[in-house]
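Peer 1: kindly return the folded structure for what I paste below:
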Amino acid sequence: MSHELRTPLNAITSVCYLLSQHDLADEIHARVGQIESAGRVLVDLVDEVLDLAKSEAGKLRLVVAPFDLRGLIFQVVTLAQTKAEARALPLRVELPPSLPRQVVGDRVRIQQILTNLLDNAIKFTVEGYVILRVTADREVGDDSVELCFSVEDSGIGIARERLPQLFAPFAQADTSITRRFGGSGLGLTISRQLVNLMGGSLSAESHFGVGSTFTFQVRLQIDPELEGGDETPAPAVDLREVRILAVEDNEMNQLVVKTILEERGVDVTVVDRGMAAVQRIADGERFDAVLMDIQMPEMDGYEATRRIRELSNGANLPIIAMTAHVLSSDRARCFEVGMNEHLGKPIHVDRMVEVLGRWTAKQVTSSGDPVDIERALDQLGGDAPLLERILARFCQDYEDVGSRLRQLFALGQRDAADDLLNDLKASLGLIGAVRLETLVTSLGGRLLTHGPDAAAVKLDLDTILQELEQLFAWIRSREERG
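Peer 2: Residues are numbered from 1 along each chain as shown. Just a heads-up that it's a prediction; the model follows:
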């Protein structure tokens, strides 16, 4: 049902997005915005109903991988800020200096919980404030951290006798709330189930007419990194002259993807069958990445990916699933057949652009070098001689990293391989090798989730080792130039 529901919703929201990019009369622009907003509400409702069904069937699963905790909080707050500003509500965020940057957990689910709590706080607060507080409790020498997320508002509040029913499915504190504010009554139910699945707890305190505070606590592993982390904003994504093969059988989705990407300077080739995609690549056409639908007639995206990987010019080609199949089992299958990334429908434009930028190496440097020298120097206080020594040491320390990783993979020593990848990632971050750092982070996540024998893990490793050779050659040529 997920695919059947999401496909028409994707068409509705995506066409609304395209229309909104044109110079429309104010009234028409407002109507288009209303349609898109209603479509997004339906998408959220579909997700909630599916999550509830999976939870009741005992099939709700976590996808654990390293992620940027501060970046996640920033992303959630940025989206919530827009909603708060529309209601003239101040949204404050309080983060501790000790908050780790890299942790290991289910990024998507934590984002889902935070988004639900903030959306509720904003929706049920007519005037006053909303505050997100985060605390981090970590013992010295401990490799995990106890995180406490608290969302406080000065909204309508909840009567004491209504609190026990608050987390029941389809329940709201009062039936009049549904009429006044809307909502399915599923968000808190699913949020509590997700927190419980993480081994944490979600609770609520409220006073009618005064406000509410929702708090959830989870313990996450810390992903080893350079303490303090780099706060440099992500570079702008440049997709000009990138060549993309979009494999999509739905004409409306073809129009949407082609229009969105061509507006950003992308050269887009569209085919409507998996076999047609395989044939294009077998014929020697050059593409920087493939956007691959899953459910197509004759040959689905899984089989098309397998066949592309068998081609000499397709073995390392980035293949990104773009599909309404969004369950965790669907994502896992994408990685197992050799895809590099998964994008769910309806399409989120910024996410698609970010992913394509990452996999087509357009987020590296304007000079095209594998190292962002300015970024590296900023991290080293402008000490150029120190950077040169670090680059030389990097070659010495990691010249045999490929054979070391392959040996650990062959022996099934996942933890040791993960430690080595974390060391490599930290060193790449220090020297400003942005794309390689991203690729190693992705490999670490897949290794933890799927193990060393998965096709996607082996493919990522091959790609990383090829680019490391290019990095070593670049460093040596730099040394020769003096």
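Peer 1: what about residue 477, how many neighbours?
Peer 2: Number of residues near residue 477 (other C-beta atoms under 10 Å) recorded here: 9. Heads up, the C-betas are built off the backbone N, CA and C, glycines and all.
Peer 1: helix, strand, or coil at it?
Peer 2: Under the three-state scheme (DSSP: H, G, I helix; E, B strand; the rest coil), residue 477 adopts helix.
Peer 1: now it: how far from residue 389?
Peer 2: Noted for residue 477: a distance of 17 Å to residue 389, by C-beta to C-beta, to the nearest Å.
Peer 1: chain center to the strand ranked longest in the chain: distance?
Peer 2: For the chain, the longest strand by residue count, based on DSSP state E, is strand 211-222. How far strand 211-222 lies from its chain's middle: 21 Å, per C-alpha atoms, centre = their mean, to the nearest Å.
Peer 1: I'd like the next helix or strand past it.
Peer 2: Using DSSP states H and E, the next helix or strand after strand 211-222 towards the C-terminus is strand 243-247.
Peer 1: relative to strand 243-247, how tilted is the following helix or strand past that next one?
Peer 2: Next helix or strand after strand 243-247 toward the C-terminus (DSSP H and E): helix 251-262. Comparing the axes of helix 251-262 and strand 243-247 via axes from the mean of the first three to the mean of the last three C-alpha atoms, to 10 degrees yields an angle of 170 degrees.
Peer 1: alpha carbons only: can I get helix 251-262 in CSV?
Peer 2: This file holds the C-alpha atoms of helix 251-262, laid out as CSV (Å, rounded to 0.1, in the frame of the first residue of the first chain):
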residue,chain,number,x,y,z
GLU,A,251,5.4,10.4,-16.7
MET,A,252,4.5,12.9,-14.0
ASN,A,253,7.6,11.9,-12.0
GLN,A,254,9.7,12.2,-15.1
LEU,A,255,8.5,15.7,-15.7
VAL,A,256,9.2,16.7,-12.1
VAL,A,257,12.7,15.3,-11.8
LYS,A,258,13.7,16.6,-15.2
THR,A,259,12.4,20.1,-14.5
ILE,A,260,13.9,20.4,-11.0
LEU,A,261,17.4,19.2,-12.1
GLU,A,262,17.5,21.1,-15.4
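Peer 1: for residue 373, give its distance to residue 471.
Peer 2: Residue 373 sits 13 Å away from residue 471, going by C-beta to C-beta.
Peer 1: so residue 108 touches residue 63, yeah?
Peer 2: Yes: counting by C-beta atoms under 8 Å, residue 108 touches residue 63, with 6.9 Å between them.
Peer 1: outline the domain layout of the chain.
Peer 2: 61-222, 243-359, 373-481 (automatic domain parsing).
Peer 1: kindly reformat those domains as TSV containing mean pLDDT.
Peer 2: Putting the domains of the chain into TSV (pLDDT from 0 to 100) gives the following:
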stretch	mean pLDDT
domain 61-222	81
domain 243-359	87
domain 373-481	82
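Peer 1: for residue 22, find the nearest of those domains.
Peer 2: When those are compared by C-beta to C-beta, domain 243-359 sits nearest residue 22, at 10.9 Å.
Peer 1: what distance separates the opening and closing residues of the closest one?
Peer 2: 12 Å (C-alpha to C-alpha, to the nearest Å).
Peer 1: one more: stretch 340-353?
Peer 2: 15 Å.
Peer 1: what of stretch 143-159?
Peer 2: Its first and final residues considered, stretch 143-159 spans 41 Å by C-alpha to C-alpha.
Peer 1: buried set for it?
Peer 2: 145, 147, 149-158 (16 or more other C-beta atoms under 10 Å).
Peer 1: for that stretch, what is the distance to the chain centroid?
Peer 2: Worked out by C-alpha atoms, centre = their mean, stretch 143-159 lies 23 Å from the chain centre.
Peer 1: swap in stretch 322-337?
Peer 2: Distance, centroid of stretch 322-337 to centroid of chain: 14 Å (C-alpha atoms, centre = their mean).
Peer 1: got the CA coordinates for it in CSV?
Peer 2: The C-alpha trace of stretch 322-337 is given here as CSV (Å, rounded to 0.1, in the frame of the first residue of the first chain):
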residue,chain,number,x,y,z
MET,A,322,14.3,7.2,-5.9
THR,A,323,11.2,5.3,-4.9
ALA,A,324,8.0,5.2,-2.9
HIS,A,325,9.3,2.0,-1.3
VAL,A,326,10.4,3.5,2.0
LEU,A,327,10.2,0.8,4.6
SER,A,328,13.5,-0.1,6.3
SER,A,329,13.4,-3.5,4.6
ASP,A,330,13.2,-1.7,1.2
ARG,A,331,16.2,0.5,2.0
ALA,A,332,18.2,-2.5,3.1
ARG,A,333,17.4,-4.4,-0.1
CYS,A,334,18.5,-1.3,-2.1
PHE,A,335,21.9,-1.4,-0.4
GLU,A,336,22.2,-5.2,-0.7
VAL,A,337,21.9,-5.1,-4.5
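Peer 1: can you pull the buried residues of that stretch?
Peer 2: Under 16+ other C-beta under 10 Å, the buried positions of stretch 322-337 are 322-328, 330-337.
Peer 1: in strands, which of the residues you listed appear?
Peer 2: Of the positions in the buried residues of stretch 322-337, 322-323 sit in strands, assigned by DSSP E.
Peer 1: quick check: the farthest pair among the buried residues of stretch 322-337?
Peer 2: 324 and 336 (18.8 Å).
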